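Colleague: Next comes the sequence, and after it the predicted model I'd like to discuss.
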Amino acid sequence: MSDLFWLNDAQMARLEPYFPKSHGKPRVDDRRVLSGIIFINRNGLRWRDAPKEYGHHKTLYNRWKRWSDKGIFAQMMVGLAAEHSEKNTVMIDATYLKAHRTASSLGGQKGGRGRLIGRTKGGMNTKLHAICDSRGRPLNLFVTAGQVSDYIGARALCDSLPDVDWLLGDRGYDADWFREALKDKGIHACIPGRKQRKATVKYDKRRYKRGRLKDWRRVATRYDRCPKVFLSAIALAATVIYWL
């Protein structure tokens, strides 16, 4: 099949430092397995429907699950993103990702809170919080249940903000504590004030570009019940789109 995805030599060289060491017998070919994992995630396929060129689907799934549990895919994205040269501006944003019924089944404690899936006006969702550079490339990610406020994501990501001059965000991030935290870091807040504020907040009106993460079917719709596995899908998409 001519439309299969294959990692090239340069891309493999960038990823290899993040591979865990192999214990016992050597792993099945990394390029073939990782290329297959990327193909499955990009196209939203079932593992059993993986093209035969990538090898047995159980091999792909086992590597995906094992490395997701270890946080390998998230480490790849954060490690490669750390090489960014952004010195001026970063952006913070949150977006809803719809949860498929296979991810949100078995309600209550098991199906909801523990899986970071929550009910919003748009149905069952997970919320992705992200810090991006001025080109819209994700630097760090955090996921919560859909109904969780943007403030929670801001708190989780605040410590990982790079040394820049400006942070851009929408009104959902207009909180005095967040502005003070940014000020302590020497970062200017470019965040419009909420309408409830008595005093108008001055800010530079800028637009920022949104990423293409939702082009990946396993990101746009959440099929994975395990939050770690879903975060791995997002991190892998961000890695391939922006950092390889």
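Modeller: The structure has been received and is ready for your questions. Residues are numbered from 1 along each chain as shown.
Colleague: Using the three-state scheme, assign Ser22.
Modeller: coil (DSSP: H, G, I helix; E, B strand; the rest coil).
Colleague: tell me which helix or strand of this protein sits lowest on mean pLDDT?
Modeller: When each helix and strand of the chain is scored by mean pLDDT, DSSP states H and E, helix 108-111 comes last, with a mean of 43.
Colleague: what about the nearest residue to Pro17 once chain neighbours are set aside, helix or strand, and which?
Modeller: With CB to CB, 6 or more residues apart in numbering as the measure, Gly79 is the residue that lies nearest to Pro17, at 7.5 Å, once sequence neighbours are left out. In this view, the C-beta of every residue, glycine as well, is placed from N, C-alpha and C. For Gly79, the host element (DSSP states H and E) is helix 72-81.
Colleague: cool, and Val90?
Modeller: Per DSSP H and E: Val90 is located in strand 89-99.
Colleague: How is the chain divided into domains?
Modeller: 9-70, 85-223 (automatic domain parsing).
Colleague: so who does Ser35 touch?
Modeller: Ser35 is in contact with Leu4, Phe5, Trp6, Leu7, Tyr54, counting by CB atoms under 8 Å, 6 or more residues apart in numbering.
Colleague: 6 Å instead, please
Modeller: Contacts were defined as CB atoms under 6 Å, 6 or more residues apart in numbering; by that measure Ser35 touches Phe5, Trp6, Leu7.
Colleague: Give me the buried subset of the residues you listed.
Modeller: Phe5, Leu7 (16 or more other CB atoms under 10 Å).
Colleague: Out of the contacts of Ser35, which comes closest to Ile131?
Modeller: Nearest to Ile131, judged by CB to CB, of these is Leu7 at 25.9 Å.
Colleague: List the contacts of that closest one.
Modeller: Arg31, Leu34, Ser35 are the contacts of Leu7 under CB under 6 Å, 6+ apart.
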